[in-house]
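S.K.: Show me how the following folds:
(2 chains)
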Amino acid sequence: MNAFTGTGKLIRLVLRRDRVLLPLWIVFVCLVPVVFVGAFTGAYPTAEARQEYYETSVHTRAFTVAYGVLNGPGLGELVAWRSGFVTFMVALFALLTVIRHTRTEEEAGRRELVGATAVSRHADLAAALIVTCGASLVLGLASALALIGQDLPVAGSLALGLGFATAGCVFAAIGAVTAQLTTGAGGARAIGITVLGVAIALRGIGDIAAQSGDGPAWVSWLTPLGWAEALRPYSGERWWGLALAAPAVAALIVAAVALAERRDLGGGLFQARLGPSGAAPRLRSPLALAWRLHRGPLVSRIVGLAVVGLVCGAMSASLGAVMNNSGTAAREALARLGGPGTLVDQFLAPLMTMLGLVCACFAIQAALLLRNEERDGRAEPLLATPVNRLRWAGGHVAFTLLGPAVGLVAFGASAGLAHGLNTGDVARELPRLLSAALVQLPVVWVFTGVALALFGLRPRLVAATFAVAMASMLSGWIGQELRLSQWIVNLSLFEHVPKLAGHMAVTPLIVMTVVATGLITIGLAAFKRRDI
Amino acid sequence: MTDAITMAGLVKSFGPTQALNGLDLVVRTGEVHGFLGPNGAGKSTTIRILLGMMRPDAGTARLLGGDPWTQTGELHRRLAYVPGDVTLWPNLSGGEAIDLLGRLRGGLDRRRRDELIERFDLDPRRKGRTYSKGNRQKVALVAALASGAELLILDEPTSGLDPLMEEIFRQTVQEVQRAGDRTVLLSSHILSEVEALCDRVTIIRDGRTVESGTMAELRHLTRTSIEAELAGPPDGLADLAGVHGLRADGGRVRFSVEAAALDAALRRLTEAGVRSLVSRPPTLEELFLRHYDRAGVTGRHAETAR
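M.R.: Below is the predicted model:
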């Protein structure tokens, strides 16, 4: 029995369990750059049009943060740049997949079952890594082939695909490390996502510096996402970016194995502490229990949003000054995304849309917690008490509605405060940005409504709400950016929210709130009637 | 005497699988009722219907004189439930979970809670995710037993408990039984437990009731095994209805015999001249094995139940 006995069988198990998810994921990632090829050739058919687009976009910092460095006006360069966010998504997916097949399994007790058979100690970790890294490579090569099929240069297509694969492999290895740290999968995910967030932020800072030729451009080298970008697809490929990733993956895996070697089954680096022997007097209602279950993630999200809000608010004034020099073309590009108003507002407006999406994800996560309470059998003993279903679900519903609201306030208030302090007019900026954040609330609630309606009608599908929210935002952004038909843009709920500097259109907000209320009512009514 | 639970003709299917197929269950007030059946027979589905978590496709269910689906809240005030597979909140300590469940039920007896924690040797400060299966089971048991509920619904409550803890569970149920004011529905696979605790039992298989009655009645349905050494050949024994598995080896005979044919069979033996005789009373094990064994003839078992 060597260190990898049983790995092959476990790989088959992982593949069997993800047989739907993995192919869907790979196809989705392959399609994104191909869609951009079509969209760019459609909206900007000539080299001159693309040159103009390049000039408008290259100095727009919001773009640089979202997509990365834009290297040139060629079709390939534009497509590669625009697909920059795919890199984040591949990284996130890889991270979550590895944790799901290691720590989640261990927490659920299934690893014990499997580990008692003739498999070696690290076989599960090896299997999860091999599948995830393998899938990352497959999706990288497949998207390269898809782009080559679109008559893009071979080398550049390979570099772009391998960039995706690099992000996937490195974050798979990061997931392997974080899975060793905590006893719960939730904690491992939180650490991993924090690492990804820091990596995205560092890459953004480094890229802004690189693009403006001023500042700490070397910061990009600190992050795996920067290595993927360093391959410079379609723009004089630099293959040595790969040389950075390979040793990093190896080192992370060695670290993960070393950590796994030092701990017991079910244990982590951070051990669970003892709790109180009796419940505090407050813990006496479904709402109190829901607070207990939601408060940890809620508090960390609110703190996170407040910090990001402070940074963005502080950045926006200086950003406006830089962009004033960047010419009318850049302003036009921003106006498409951010609507009319000052340059600063045009920077802040898409940020608010992004904030809306993030808070919608928090709301969906909270709804998912409700669903998991039922799925894992923790609802059953509660519902065997006089607590009725609506009271039980209501405690969680309160957090799916109020949690994101508090998050929006935290972001809007801190961004407004920082921006106001910068411009010396807190009295104006604080309420302005606060209300710009709060108008996202009806959108967030519609997605809460979708999640809760699914909870009542098709509880297995609650998680699909993430895809709905993501698609909603992308249809607006991509549709507008690439001048697709208006109906595609209108599909996005985020487009119906008043822009920062625009006039306050209240009707869509009321409509969305009514829709959300309707969806929640449907969900709860269905939940009341269905089997647990 | 009123009945705490009456269920008749329950049918419930999940897609293509038929979980319940005409199940009947009657639990009288004040008794400890054993609820038995092989894995997947429909015990947990029955209990979920009782708790108002599922609605049957057909049939009637009455719980404590009410409708378990529409009067859920008021009925739940009067019962306590221990699930077969207890999952706890990972970040709540066992003590917190016990208190929470007790309070949601409308208060729990503090002294009884502490006494039960002591007796079950439970550390209430550990977090839910760090408990073993047995300890999670203890948390749910303490929460249920510390309540003053008049009906206890226990779904395989001792699975995962060590023999010492099983004994303590038995004692606590016997205390409940002696007090006489509470009803217990006990789903279990542990025959000695059922034998020691239950006044009446219901056995189900494939979603239908195959046997129901007091322990004495059920024993009556089983066969006694006889081993005898005879002076002469056992004439006519083989033809006797109710004699099964007869094996004769020289003067020795072995067979099992149904209660109804016991008298006639013994008469044949004495006619042949008995030199030695060993008879073993029917054990519950045999009864259960007969019902649990899927290879058995379903039709005949269903008949004996009626």
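S.K.: Endpoints of stretch B:58-68, how far apart?
M.R.: Its first and final residues considered, stretch B:58-68 spans 14 Å by Cα to Cα, to the nearest Å.
S.K.: What average pLDDT does it get?
M.R.: Along stretch B:58-68, the predicted local confidence has a mean pLDDT of 93.
S.K.: likewise stretch B:75-88?
M.R.: Within the predicted structure, the mean pLDDT of stretch B:75-88 is 90.
S.K.: Sort out which residues of that stretch are buried, please.
M.R.: Along stretch B:75-88, the positions that meet the burial threshold by neighbour count (16 or more other Cβ atoms under 10 Å in any protein chain shown) are B:75-76, B:78-88. For every residue, glycine as well, the C-beta is placed using N, CA and C.
S.K.: With stretch A:377-385 instead?
M.R.: Counting neighbours by 16+ other Cβ under 10 Å, one finds that the buried residues in stretch A:377-385 are A:378-385.
S.K.: Next: stretch A:471-488.
M.R.: Of the residues in stretch A:471-488, A:472-482 count as buried by neighbour count, 16+ other Cβ under 10 Å.
S.K.: what's the following helix or strand after the helix or strand hosting A:Phe28?
M.R.: Assigned by DSSP states H and E, A:Phe28 falls within helix A:21-43. For helix A:21-43, the following helix or strand on the C-terminal side (DSSP H and E) is helix A:47-58.
S.K.: just checking, what packs against the next helix or strand along the chain from that next one?
M.R.: Moving toward the C-terminus from helix A:47-58, the next helix or strand (DSSP H and E) is helix A:61-67. Judged by 3 or more Cβ pairs under 8 Å, 6 or more residues apart in numbering or on different chains; DSSP states H and E, helix A:61-67 is in contact with helix A:84-101, helix A:185-212, helix A:286-324, helix A:327-338, helix A:343-375.
S.K.: Tell me how far helix A:61-67 lies from the chain's centre.
M.R.: Centre-to-centre, helix A:61-67 and its host chain are 15 Å apart (Cα atoms, centre = their mean, to the nearest Å).
S.K.: Let's test this: mean pLDDT of it, rounded?
M.R.: Along helix A:61-67, the predicted local confidence has a mean pLDDT of 72.
S.K.: Where does A:Ala516 sit: helix, strand or coil?
M.R.: helix (DSSP: H, G, I helix; E, B strand; the rest coil).
S.K.: My error: substitute B:Lys12 in the last question.
M.R.: Secondary structure for B:Lys12, judged by three-state DSSP, is strand.
S.K.: what about it, how many neighbours?
M.R.: 23 (other Cβ atoms under 10 Å in any protein chain shown).
S.K.: likewise B:Gly242?
M.R.: That count, for B:Gly242 with other Cβ under 10 Å as the rule, works out to 14.
S.K.: How about it, nearest residue that isn't a chain neighbour?
M.R.: Leaving aside its sequence neighbours, B:Gly242 sits nearest to B:Ala261 (Cβ to Cβ, 6 or more residues apart in numbering or on different chains; 2.8 Å).
S.K.: which ones are touching that neighbour?
M.R.: Residues touching B:Ala261, when contacts are defined by Cβ atoms under 8 Å, 6 or more residues apart in numbering or on different chains, comprise B:240-243.
S.K.: farthest pair in those?
M.R.: In the contacts of B:Ala261, two members sit farther apart than any others by Cβ to Cβ. They are B:Ala241 and B:Val243, at 7.4 Å.
S.K.: Mind checking which of the two has more residues around it?
M.R.: Between B:Ala241 and B:Val243, counted using other Cβ under 10 Å, B:Val243 has the larger neighbour count: 23 against 9.
S.K.: Going by proximity to chain A, name the top residue of chain B.
M.R.: Using Cβ to the nearest Cβ, the single residue of chain B nearest to chain A is B:Ser93, 3.0 Å away.
S.K.: ok, and the closest non-adjacent residue to that residue?
M.R.: On the basis of Cβ to Cβ, 6+ apart, the spatially nearest residue to B:Ser93 that is not a chain neighbour turns out to be A:Gly275, at 3.0 Å.
S.K.: How many residues are close by the one you found?
M.R.: By the criterion of other Cβ under 10 Å, A:Gly275 has 20 neighbours.
S.K.: residues touching it, list them.
M.R.: For A:Gly275, the residues meeting the contact criterion (Cβ under 8 Å, 6+ apart) are B:91-93, B:95-96, B:125-127.
S.K.: Filter these down to the buried ones, ChimeraX style.
M.R.: Restricted to buried positions by 16+ other Cβ under 10 Å, the ChimeraX selection for the contacts of A:Gly275 reads:
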select /B:91,92,93,95,96,126,127
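S.K.: Adding pLDDT and secondary structure, write the contacts of A:Gly275 out as CSV.
M.R.: Below are the contacts of A:Gly275 laid out as CSV (pLDDT from 0 to 100; DSSP: H, G, I helix; E, B strand; the rest coil):
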residue, pLDDT, secondary structure
B:Asn91, 83, coil
B:Leu92, 89, coil
B:Ser93, 92, strand
B:Gly95, 93, helix
B:Glu96, 92, helix
B:Arg125, 92, coil
B:Arg126, 91, coil
B:Lys127, 88, strand
